[in-house]
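Novice: Predicted coordinates and the sequence they were generated for:
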Amino acid sequence: MSREILARPTLQAARSLLGARLVRDDETGRRVGRVVEVEAYGGPEDRASHARFGRTTRNAVMFGPPGVAYVYLVYGMYHCLNVVTEPAGRAAAILVRAVAPVEGLDLMRRDREARAAATRRRAGDPLWAATAGRRIASLPAERLASGPGLVTAAFGIDRSWTGVDLCDPASALRLESAPPGERRAAIRVTPRIGVAYAGDPWSTLAWRLHLADDLAVSGSSRR
DNA sequence: TCAAGGATCCGCT
DNA sequence: GCGGATCCTTGAA
């Protein structure tokens, strides 16, 4: 995916990101997912954005060039993958909330299980890992990466991936445009999830975008 | 150094 | 529909 696309205003870039491919291709194997759900986060004025405190150690890459990965931990448990947007100096990013698995489903299941087991081990529940394994093994493909924390779990991504250039075809983790001629579903927009604390208008702006009626959209049974 | 709270998911009801 | 798990990041002192 070209950097120019991601250098545009974040909401426009977010539209272009829908349908694109998220690819992890390295010694662990090849995984591909079609991006079906994203959220736009603006600059320091956006009270829901990590950039609202200005530049910090954690969010520094948001202030850099577009097309770079920003991965952070939420709720002490889940990693979230973001794509930096807009020209350097303008802090903005797009949260990848869900992808529909295209290739490497076995790898995604394996990493989902590994992460679930690790999480629960810390909680002191050794028997749970086996249960989680069975549950994930029977999960339909469209549920393997149907949420921000699930995308990173399925792709084996954590904070160490912050800074990776997603526009570089040689990167282990990258974005690729949708295959030419691929038909894309209508785009629906809704308010962002989990940002009530930001207050008006930031909590109500329709900056969550997803492909209509796609089964891989997060919580599609609920919203 | 501290206290507060969060861009979530899962299992149980 | 609800609450627990879990720990990093932040601003204040």
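Specialist: Nice, thanks for sending it over.

Novice: From now on I want contacts and neighbour counts done on CA atoms only, so please keep to that.
Specialist: Will do.

Novice: Next one: A:Leu209 from A:Glu113, what distance?
Specialist: 28 Å (CA to CA, to the nearest Å).

Novice: residue ranges for the strands of chain A, please.
Specialist: Remark: strands assigned in chain A by DSSP state E are A:21-26, A:29-41, A:69-74, A:78-84, A:93-103, A:173-176, A:187-190, A:208-211.

Novice: would TSV of those with mean pLDDT, distance to A:Leu139 and mean neighbour count be doable?
Specialist: Below are the strands of chain A laid out as TSV (pLDDT from 0 to 100; distance: least, CA to CA, whole Å; neighbours: other CA atoms under 10 Å):
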stretch	mean pLDDT	distance to A:Leu139	mean neighbour count
strand A:21-26	97	20	21
strand A:29-41	97	16	24
strand A:69-74	95	24	20
strand A:78-84	96	19	24
strand A:93-103	97	12	25
strand A:173-176	98	24	22
strand A:187-190	94	26	14
strand A:208-211	95	21	23
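
Novice: Nearest approach to A:Ala198 belongs to which of the ones you listed?
Specialist: Of all the strands of chain A, the one in closest proximity to A:Ala198, counting by CA to CA, is strand A:29-41 (11.8 Å).

Novice: Run a quick neighbour tally on A:Arg110.
Specialist: Per other CA atoms under 10 Å, the neighbour tally for A:Arg110 reads 17.

Novice: Quick check: nearest residue in space to it, chain neighbours excluded?
Specialist: The shortest distance from A:Arg110 to any non-neighbouring residue, by CA to CA, 6 or more residues apart in numbering, is to A:Ala154 (7.8 Å).
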